[in-house]
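1. just a sequence and a predicted model for now, questions to come.
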Amino acid sequence: MERSKKTLNQQTIIFALIYGATYLPATWLLKHYVFERPVSIIIVIVPVIAFSIFIFKYIKAFSAMDEVKQRVQFEAVVIGFSLTAMLMMILFLLGLCGISNPFWFGYGLLVGYCWLFYLVGWLISKRKYGA
Amino acid sequence: MKNTIKVERAKKNWTQADLAKHIGISRQGLNSIETGKFVPSTLLALRMAKVFNTTVEALFQLDDTEM
């Protein structure tokens, strides 16, 4: 039981790394080279598939966690989601009045901010429950 | 919510890791419950009461402010 929990956690981390390892090169390739449309679409789809598998593994690992760890993850996701939604709302409203900075707040960076906010939420929740 | 997990553990001479293993949670998770930072589910409370051969009411009590 304990071993399978560990395996599930390891698989989640591995697929998170695979997602990162496909997303960053895909971003670099699409930014610096011009491909034919079907090739571009394939490059876009690869990190999306990796992310989907990561989410699947994460949900599986979540269901195997004990209730304290589930609470920590749940709060981390809620905090991460709320902060990301808040940031998007601010950017949208600032965009309406012509104040925006795509260099710091482009779509690609929003993914990074989302992960950062999740991490912030995880640290807050972990500290709260000491788990 | 107050609890007597530490007292019951001491009676059995169990560490947090021992009890955590018996009820199927992590040691850190048990520590959160024991220190009152996290309120466990009914299932976990019943499991704990069972391994200590006691009742949930004896293991967990409401604080004065919670009554």
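-> The structure has been received and is ready for your questions.

2. can you map out the strands along chain A?
-> Using DSSP state E, no strands are found in chain A.

3. so A:Phe81 versus chain B, what's the distance?
-> Applying Cβ to the nearest Cβ, to the nearest Å, the value for A:Phe81 to chain B is 22 Å. (C-beta placed from N, C-alpha, C; glycine too.)

4. how many other residues sit next to that residue?
-> Residues contacting A:Phe81 under the criterion other Cβ atoms under 10 Å in any protein chain shown number 14.

5. tell me what the host helix or strand of B:Asp18 is packed against?
-> Element membership of B:Asp18, judged by DSSP states H and E, is helix B:16-23. Applying 3 or more Cβ pairs under 8 Å, 6 or more residues apart in numbering or on different chains; DSSP states H and E, we find helix B:16-23 packed against helix B:5-12, helix B:27-34, helix B:42-51.

6. among those helices, which is nearest chain A?
-> With Cβ to the nearest Cβ as the measure, helix B:27-34 is the member of the helices and strands packed on helix B:16-23 nearest chain A (3.5 Å).

7. now the closest one: mean pLDDT?
-> For helix B:27-34, mean pLDDT rounds to 93.

8. and what of stretch A:53-66?
-> Computed over stretch A:53-66, the mean pLDDT rounds to 93.

9. report the buried residues of it.
-> Residues of stretch A:53-66 classed as buried: A:53-54, A:57-58, A:61, A:65-66 (neighbour count, 16 or more other Cβ atoms under 10 Å in any protein chain shown).

10. return the subset of the residues you listed lying in helices.
-> Among those, the members falling in helices (DSSP state H) are A:53-54, A:57-58, A:61.

11. of those residues, which is the nearest to B:Ala45?
-> Checking these against B:Ala45 with Cβ to Cβ, the nearest one is A:Ala61 at 24.4 Å.

12. now the closest one: how far from A:Ala16?
-> 11 Å (Cβ to Cβ, to the nearest Å).

13. and what of A:Phe105?
-> 24 Å.

14. show me the shaky parts of the chain.
-> I'll assume chain A. A:1-3 (pLDDT under 70).

15. that was the other one, I meant chain B.
-> Ranges of chain B meeting pLDDT under 70: none found.
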